[in-house]
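Colleague: okay, structure incoming, though there's no sequence with it:
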């Protein structure tokens, strides 16, 4: 055993006590447990045992044994059963990693470079196995202490935080984690007056009776859903029947105008997709009945408005011009929604195609742009979407 490991062995008790004090100082969950002192004693015993075993095994370049890993699993399970939250445990693991590196650095002397590199390599390999064993036990302990709906929300939160432990929790919940996800955010413009935490929980539990996907309420009016992305070859977002089905059932439960945003992301990198889906839902047209899952391609102009207030005023002025005509905003929206097919748009509006032609020409007279020209499509479609966003629900 080199000098570095001997120094670490001598400082086991000191380092363990400092670690427990740090957890108590930094995390309210751990302070709350220490009512009688028994929990703190158990924590200290584990901290000492872990450090002592680390020094012994690292000195012989041996991995943790099955008994070691089973012990760590049992400690994780016991903490979950005591009511420690997963968020707190993830913070504890981050603190433990930081403290371990600090302990090694403090023990290393100028001539310990070889021992230092050896120790860092050993921790890098074996620390992952220890962390996985501990997390596995913690998640197993939560199984009996938390309802399924709360754990499925925790899984959704872990996935969009790109938490490495998410697959372990998914396996315990019987949820398959695909390589890519559709991240959908449903933003309710007017939540029911009876809306309470109890109602949101009941709604989520009703959905889980039929759909076993990670989902959660991010706040009182924003619902997030994760479904497998079957087709990631298009930048506009896939046609997703699973998402459509869940959203339809959600809106049937709550019945209020909502805006829907969808983005696709690779599992392990879902944070960016979740942020984009949220932004899309904030600017997408409200729908009294969910018919469309809006992607960035549908609201690219609206997203830009947040960065360019001048664009908002400009589009508003075009919308005011269109408001002078006969139902032009709704007419042009149908025209664009049906890919500028006159007959299908007229049928959707329940008007004669010649009436549609008249309104299109009227829009040209008012704005100076033909709605079917290249420039007209770009400008007028953006102005129509802007007007619908601020004045109407579909």
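Modeller: Good, I have the coordinates. Predicted model, so just to flag it, every value in this text is computed and none were measured. Residues are numbered from 1 along each chain as shown.

Colleague: list the buried ones in the host helix or strand of residue 169?
Modeller: Applying DSSP states H and E as the criterion places residue 169 in helix 166-173. Of the residues in helix 166-173, those buried by neighbour count under the rule 16 or more other CB atoms under 10 Å are 166-170, 173. Quick note: C-beta positions are derived from backbone N, CA and C, even for glycine.

Colleague: okay if I get those residues as CSV plus pLDDT and distance to residue 247?
Modeller: What follows is these, written out as CSV (pLDDT from 0 to 100; distance: CB to CB, whole Å):
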residue, pLDDT, distance to residue 247
166, 88, 23
167, 88, 25
168, 84, 28
169, 86, 24
170, 89, 21
173, 85, 21
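
Colleague: quick check, nearest of the residues you listed to residue 368?
Modeller: When those are compared for distance to residue 368 (CB to CB), residue 166 wins out at 53.6 Å.

Colleague: my guess is that closest one contacts residue 156. True?
Modeller: No: Residue 166 lies out of contact with residue 156 (CB atoms under 8 Å); the separation is 9.1 Å.

Colleague: check contacts around residue 16.
Modeller: The neighbourhood of residue 16, defined by CB atoms under 8 Å, 6 or more residues apart in numbering, consists of 44, 47-48, 50-51.

Colleague: apply 7 Å and report the result again.
Modeller: For residue 16, the contacting residues are 44, 47-48, 51, taking CB atoms under 7 Å, 6 or more residues apart in numbering as the criterion.

Colleague: what's the closest non-adjacent residue to it?
Modeller: In this structure, residue 16 finds its nearest non-sequential neighbour in residue 47, 3.7 Å apart by CB to CB, 6 or more residues apart in numbering.

Colleague: show me which of the buried residues of helix 166-173 is closest to residue 60.
Modeller: Nearest member of the buried residues of helix 166-173 to residue 60, counting by CB to CB, is residue 168, at 29.2 Å.

Colleague: tell me who's in contact with the closest one.
Modeller: Residue 168 makes contact with 135-136, 139, according to CB under 7 Å, 6+ apart.

Colleague: can you tell me the SS state at residue 262?
Modeller: The local conformation at residue 262, judged by DSSP: H, G, I helix; E, B strand; the rest coil, is strand.

Colleague: just how off-centre is the top helix by length along the chain within its chain?
Modeller: Longest helix in the chain by number of residues (criterion: DSSP state H): helix 113-143. Taking CA atoms, centre = their mean, to the nearest Å, one finds helix 113-143 lying 26 Å from the centre of the chain it belongs to.
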